[in-house]
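*Asks:* 3D, please:
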Amino acid sequence: TEAIRFKVDEMAISEAVRLLTIRFDSPPPDLAPFRELAERLYRWPLMLELASATLRHRIGRGDTTAGALDYLSRKLDKQGVVAFDNRNAMDRHQAVASTIEVSLELLDAEERRCCTELAILPEDTDVPLSVASALWEMDDFDTEELVQRLDNFSLLKFSLQAATIRLHDVIQSYLETQLTEPEVLHSRLADAWGDPHSLQQDYSWRWLSYHLAESGRTEELRRLLLDFEWLQEKLKATDAIALIADYEY
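*Replies:* Have a look, this model is predicted:
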């Protein structure tokens, strides 16, 4: 299969251990197993966050710290994350994908499907919860409940104050490999917003063209970009730069 490239940064061992244990109620008396785990995960922040979330989940269900560490170690063994000293790029990439998979396996089938569908969202963008609701065809309450659960597992970042979510680009890259019909999801989202002349939120005005293009509906997009009334509404809702960017699709 084709390799997936990820950009990640290695932390100092003390920082890595702190990230693994920062949400524990009290500091573990023996940090040696956490140092070992940090080295196993290449001291990469995202992988450490995912591992920390898994440990918290196990301990929250009544496991001991030692038991949670043993569980995670066995899961990583099963996923193939076994090389502690090998810094080969392919091994690192496999370790990232495997660690994400450990977190995804904590979800049920429906939760995992919804999480995977978020891969169609634009990169490096704070996305309103209402967009996830439309994509998942779910009401606001259930959407927020699921988003909080995904945030608990460090699979996304949820801002309660702004009511937005954002995917880490590494997780998004991995989730994209799990999608089978992304164009169907893009089309579903575009259709959920109704009449393109009367869109209700900033995100839909800025990203409708992207989702239409990704769904293969370029002729529909072309008609909008030649529609004077739509162009006027787009400029009212956004700006000239956003409109010009639409023509790149």
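*Asks:* could I get the average pLDDT for stretch 161-169?
*Replies:* The average pLDDT within stretch 161-169 is 95.
*Asks:* swap that for stretch 193-210, sorry
*Replies:* Averaged across stretch 193-210, the pLDDT comes to 96.
*Asks:* pull that stretch out as PDB, backbone CA atoms only.
*Replies:* The C-alpha coordinates for stretch 193-210 follow below in PDB (Å, rounded to 0.1, in the frame of the first residue of the first chain):
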ATOM      1  CA  TRP A 193     -27.800  23.500   3.300                       C
ATOM      2  CA  GLY A 194     -30.700  23.800   0.800                       C
ATOM      3  CA  ASP A 195     -30.900  26.700  -1.600                       C
ATOM      4  CA  PRO A 196     -27.400  28.000  -2.300                       C
ATOM      5  CA  HIS A 197     -28.700  31.500  -2.700                       C
ATOM      6  CA  SER A 198     -29.800  31.700   1.000                       C
ATOM      7  CA  LEU A 199     -27.200  29.900   3.000                       C
ATOM      8  CA  GLN A 200     -27.400  30.500   6.700                       C
ATOM      9  CA  GLN A 201     -23.800  30.500   8.000                       C
ATOM     10  CA  ASP A 202     -20.400  31.700   7.200                       C
ATOM     11  CA  TYR A 203     -18.900  28.200   6.800                       C
ATOM     12  CA  SER A 204     -21.400  27.200   4.100                       C
ATOM     13  CA  TRP A 205     -20.800  30.400   2.200                       C
ATOM     14  CA  ARG A 206     -17.100  29.900   2.300                       C
ATOM     15  CA  TRP A 207     -16.900  26.200   1.700                       C
ATOM     16  CA  LEU A 208     -19.900  25.300  -0.500                       C
ATOM     17  CA  SER A 209     -17.800  25.500  -3.600                       C
ATOM     18  CA  TYR A 210     -15.200  23.200  -2.100                       C
END
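*Asks:* which residues sit against it?
*Replies:* 122, 125, 127-128, 130-131, 134, 190, 221, 224-225, 229-230, 233-234, 237-238, 242, 245-246, 249 (Cβ atoms under 8 Å, 6 or more residues apart in numbering). (Glycine included, C-beta is placed from N, CA and C.)
*Asks:* which of those fall within helices?
*Replies:* 130-131, 134, 190, 221, 224, 229-230, 233-234, 237, 242, 245-246 (DSSP state H).
*Asks:* give the contact list for the closest residue to Thr54 other than its chain neighbours.
*Replies:* Among residues not flanking Thr54 along the chain, Leu72 sits closest, at 5.4 Å (Cβ to Cβ, 6 or more residues apart in numbering). Listed by Cβ under 8 Å, 6+ apart, the contact set of Leu72 reads 37, 51, 54-55, 58, 102.
*Asks:* list the contacts for the residue positioned nearest the centre of the chain?
*Replies:* For the chain, Leu167 is the residue whose C-alpha lies nearest the centre (Cα atoms, centre = their mean; 3.3 Å). By Cβ under 8 Å, 6+ apart, the residues touching Leu167 are 118-119, 121, 123, 156-157, 175.
*Asks:* secondary structure element holding the residue nearest to Thr54?
*Replies:* helix 65-79 (DSSP states H and E).
*Asks:* and if you look at Ser103?
*Replies:* helix 89-104.
*Asks:* just checking, which helix or strand succeeds that helix along the chain?
*Replies:* helix 109-117.
*Asks:* so for that next one, what gets flagged as buried?
*Replies:* 111-112, 114-117 (16 or more other Cβ atoms under 10 Å).
*Asks:* which one of those residues sits closest to Glu15?
*Replies:* Nearest to Glu15 among those, counting by Cβ to Cβ, is Cys115 at 27.5 Å.
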